[in-house]
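**Student:** Pasting the sequence and the predicted coordinates here, then a few questions.
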Amino acid sequence: MSRWQAAEPRLVLASASAARRAVLEAAGLRFEAVPAAVDEAAIKEAAQVEAIPPADAALILADAKAERIARRDPDALVVGCDQLLVCDGRWFDKPVDVAAARSHLLALRGRTHELVTAVVCHRHGQRIWQHVARPRLRMRAFSEAFLDTYLAIEADHVTQSVGAYRLEGPGVQLFDEVKGEHSAILGLPLLPLLDFLRQHRVLLP
């Protein structure tokens with residue numbers, strides 16, 4: 001049992017993301033990870049058709065995930081997250097294969113993109129907190145030889161994250177400037193979440 005975490009409410013992460021789980025585990029939190037089945041593609045498509053800003057779209061997605069799990073477990077404090085990669089107005093999804101990853105990386109090469117990262121908390125049928133972080137990352141003008149080597153090394157991972165990179169892994173070599181909280185880049189703005197949990201006596205103040 002975590003010495004600084006209250007026994008109640010139970011903390012549930014509405015995500016299958018290994019990176020998000022690792023962020024919470026490294027911070028010493030006790031939680032359960034339960035993936036939320038929502039139609040992310042349909043929500044994103046509707047948001048773009050309706051010209052909803054990326055920050056609002058990320059919040060809608062995070063809220064849908066938290067609400068889905070909280071509906072089944074109302075006594076838990078459920079954390080939902082989502083992240084959109086936006087570059088010059090274009091929204092990027094996870095690449096479907098290595099060829100798509102190459103295309104995405106070439107489109108991002110030499111340019112700055114934003115990782116719009118939302119976190120939402122639900123309990124007792126209500127959304128009780130939300131936050132959006134917007135880290136900015138500049139991808140360096142890497143060579144074709146580097147890209148070929150990178151894709152060969154990361155072939156098993158490039159389809160698992162938006163942008164086709166893991167900043168906590170070899171993907172860090174793609175960049176020459178990163179601005180924003182590291183955990184937010186990984187998909188979960190940790191410092192604001194910890195502050196919220198302390199204010200609600202889930203963690204020791």
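**Tutor:** Now that the structure is in, tell me what you want to look at.

**Student:** May I have the secondary structure class of the residue lying farthest from the centre of the chain?
**Tutor:** Within the chain, residue 145 marks the point farthest from the mean C-alpha position, 29.4 Å out by C-alpha atoms, centre = their mean. Per DSSP: H, G, I helix; E, B strand; the rest coil, the secondary structure class of residue 145 is helix.

**Student:** show me what contacts it?
**Tutor:** By C-beta atoms under 8 Å, 6 or more residues apart in numbering, the contact set of residue 145 is empty. In this view, the C-beta of every residue, glycine as well, is placed from N, C-alpha and C.

**Student:** Then the one 5 residues further on?
**Tutor:** Contacts of residue 150 were listed using C-beta under 8 Å, 6+ apart, and they are 105, 142, 170-171, 173-174.

**Student:** list the helices and strands the lowest-mean-pLDDT helix or strand in the chain packs on?
**Tutor:** None of the helices or strands of the chain scores lower by mean pLDDT, DSSP states H and E than helix 40-49, at a mean of 92. Judged by 3 or more C-beta pairs under 8 Å, 6 or more residues apart in numbering; DSSP states H and E, helix 40-49 is in contact with helix 54-72.

**Student:** Packing partners of the helix it packs on?
**Tutor:** Applying 3+ C-beta pairs under 8 Å, 6+ apart, we find helix 54-72 packed against helix 40-49, strand 77-87, strand 112-123, strand 126-133.

**Student:** Looking at those, which is nearest to residue 97?
**Tutor:** helix 40-49 (16.4 Å; C-beta to C-beta).

**Student:** and residue 63, what is it in contact with?
**Tutor:** Shown in contact with residue 63 (C-beta under 8 Å, 6+ apart): 80, 120, 122, 127, 130.

**Student:** residues in contact with the second one?
**Tutor:** For residue 120, the contacting residues are 59, 62-63, 65-66, 79-81, 127, 129-130, by C-beta under 8 Å, 6+ apart.
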